[in-house]
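Asker: Please work out how this folds:
(one chain, ligands or ions: 2)
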Amino acid sequence: MLPDVRERDMNLKEFDESIRRVKDFPKPGINFYDITSILTNSEAFGYCLEQMNLWIDELEVDTLLAVEARGFLFAAPLAQMRKIPLVLARKKGKLPGKTWCEEYSLEYGTDVVCIQQEDIAPGSRVLLIDDLIATGGTLKATAALVKNQARSSLAGYAAVIGLPFLGYEKHLDDAPIRTLINYQGE
Ligand SMILES: O=P(O)(O)OC[C@H]1O[C@H](OP(=O)(O)OP(=O)(O)O)[C@H](O)[C@@H]1O
Ligand SMILES: Nc1ncnc2[nH]cnc12
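Answerer: Residues are numbered from 1 along each chain as shown. Ligands and ions are numbered 1, 2, ... in the order given. From the prediction side, this is the model:
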């Protein structure tokens, strides 16, 4: 479902046009939604931050957790705007100190995501942020770290782009999902 767009914001067509598509990347058959073209368009980037900021209030969030690498770009300015902690979920081997890690499957492979044990205060209410949700595997694994290891609760899942035809809703059924734009197929 496409989101409502307030009149003073970008309209949905303009926002859609700000997202570059790259066919057959990183593998044949994948239609890649490239958010770097949002970052070079300050109106589009600002629209993302403004809308995500509303989700922080709506979902009563006190901590942001961003997924490597493209989730960082949206979560970092938001965390600073709202003066709330930003926790990084990174691929295995990138974070120093004690970590919790979880393996997951991707649309195009498998990977391992980790967070630092000291970074989330137990009892936090965490919004997970990424650029795009495809199968939901990345966010599901990250959510498991928040709930089972960090003993915190999940306020929701947030991303710029959703690809619901890849089935993420069935994997992320334990908290609200928020996306700015959804694509229904290739
Ligand atoms: O919903 P899923 O099927 O899990 O897929 C979505 C994930 O895939 C992409 O990241 P990728 O693993 O390509 O890493 P990158 O951001 O570091 O390039 C994207 O940025 C999401 O994190
Ligand atoms: N189709 C896609 N476009 C961009 N990032 C992705 N991550 C997983 N699938 C993707």
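
Asker: From here on, just use CA atoms for contacts and neighbour counts.
Answerer: Will do.

Asker: need the residues of this structure near ligand 1, please.
Answerer: When proximity is defined as Cα under 6 Å from any ligand atom, the chain approaches ligand 1 at 67-70, 106-107, 130-138.

Asker: Show the pLDDT at the residue positioned nearest the centre of the chain.
Answerer: For the chain, the residue nearest the mean C-alpha position is Asp130 (1.7 Å; Cα atoms, centre = their mean). Looking at Asp130, its pLDDT stands at 98.

Asker: tell me the SS of it?
Answerer: Secondary structure, DSSP: H, G, I helix; E, B strand; the rest coil: Asp130 is strand.

Asker: tell me the contacts of it?
Answerer: 66-68, 70-72, 74, 158-160 (Cα atoms under 8 Å, 6 or more residues apart in numbering).

Asker: How about this protein: which residue is closest to ligand 2?
Answerer: For the chain, the residue closest to ligand 2 is Phe32, as judged by Cα to the nearest ligand atom, at 3.5 Å.

Asker: Confirm that residue sits in a strand?
Answerer: Yes. Assessed with three-state DSSP, Phe32 lies in a strand.

Asker: Pull the number of nearby residues for the closest residue to it other than its chain neighbours.
Answerer: Once flanking residues are discounted, Phe32 sits nearest to Val22: 5.0 Å by Cα to Cα, 6 or more residues apart in numbering. Summarising burial for Val22: neighbours were counted as other Cα atoms under 10 Å, giving 12.

Asker: by contact count, what packs against the helix or strand where Val22 lies?
Answerer: Using DSSP states H and E, Val22 falls within strand 20-23. Using 3 or more Cα pairs under 8 Å, 6 or more residues apart in numbering; DSSP states H and E, the elements in contact with strand 20-23 are strand 31-34.

Asker: Good, we can wrap up now.
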